[in-house]
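[1] Mind looking at a prediction? Sequence and model below.
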Amino acid sequence: MASKLVVSTFVSLDGVMQAPGGPGEDDSNGFPYGGWLAPHADEGFGRIMGEVFGRADGMLLGRRSYDILAAHWPGVPDEEGGAQINSMPKYVATRSPMNAEWRNTEVLVGEAAQTVADLKKRTDGVILVQGSSDLIRTLQEADLVDEYHLLVFPLILGQGKRLFAEGTVPAGLKLTGSSVTDAGVVYMAYERAGEVSLGSVE
């Protein structure tokens, strides 16, 4: 028994993943570009996200991302994706105890590097990490990420929280899927492929 941990996230061309959903989502460090995803969300984007969530058996969130999603999804009609998201097992990684009222949510209290490692060992299937930049950084430093499913948006932000920061464990990756939406969003799926390969070009 062991789950696969898949990080699915939206990033700008320069790797920023902060506050894609809207102003006020995460204004830390004076980030002024909240809501940069919306102008590029078309039918192709919706299809890709439906496929990403369709392959997930559970969802792992940090505390901030949990609060954002839990305020939205319980009121979404079943036919608009609410049935799938609300019934899916959800896990919240947090250092402090909390009450999770969103249906089918388990709170993982403690250091995420340990609680998520334990979660992977005691569950099967695919656990999707959506958003949660601070949590992702912890998972990267603990070398717990098995796959990345990235949607790269056609813009450069120049500042903000980045997906790959100092401390990320180096790894080789294998491209397992890709597509492009009409709005110019590039979807790429990568799985772990051992260590970084080195050589020289002659």
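    Perfect, thanks for sending it. Please read these numbers as outputs of a predicted model, since none were measured by experiment.
[2] what pairs with the longest strand seen in the chain, and is each one parallel or antiparallel?
    Assignment by DSSP state E gives strand 3-12 as the longest strand of the chain. According to DSSP bridges, the neighbouring strands of strand 3-12, each with its direction, are strand 125-130 (parallel), strand 147-153 (parallel).
[3] Check which helices and strands the very next helix or strand once past the longest one is in contact with.
    The one in question is strand 147-153. Along the chain past strand 147-153, the next helix or strand (assigned with DSSP states H and E) turns out to be strand 173-180. Here strand 173-180 touches helix 43-54, strand 186-192, going by 3 or more Cβ pairs under 8 Å, 6 or more residues apart in numbering; DSSP states H and E. Yep, even glycine has a C-beta here, placed from its N, CA and C like the rest.
[4] quick one on the thing from earlier: could you give the separation of the longest strand of the chain from the chain centroid?
    On the basis of Cα atoms, centre = their mean, to the nearest Å, strand 3-12 sits 4 Å off its chain's mean C-alpha point.
[5] of all the strands paired with strand 3-12, which lies closest to residue 141?
    Of all the strands paired with strand 3-12, the one in closest proximity to residue 141, counting by Cβ to Cβ, is strand 125-130 (14.0 Å).
[6] Figure out which of the strands paired with strand 3-12 is closest to residue 160.
    Each of the strands paired with strand 3-12 was scored for nearness to residue 160 using Cβ to Cβ, and the closest is strand 147-153 (12.5 Å).
[7] gap between the closest one and the chain center?
    Centre-to-centre, strand 147-153 and its host chain are 9 Å apart (Cα atoms, centre = their mean).
[8] Flag every buried residue along it.
    147, 148, 149, 150, 151, 152, 153 (16 or more other Cβ atoms under 10 Å).
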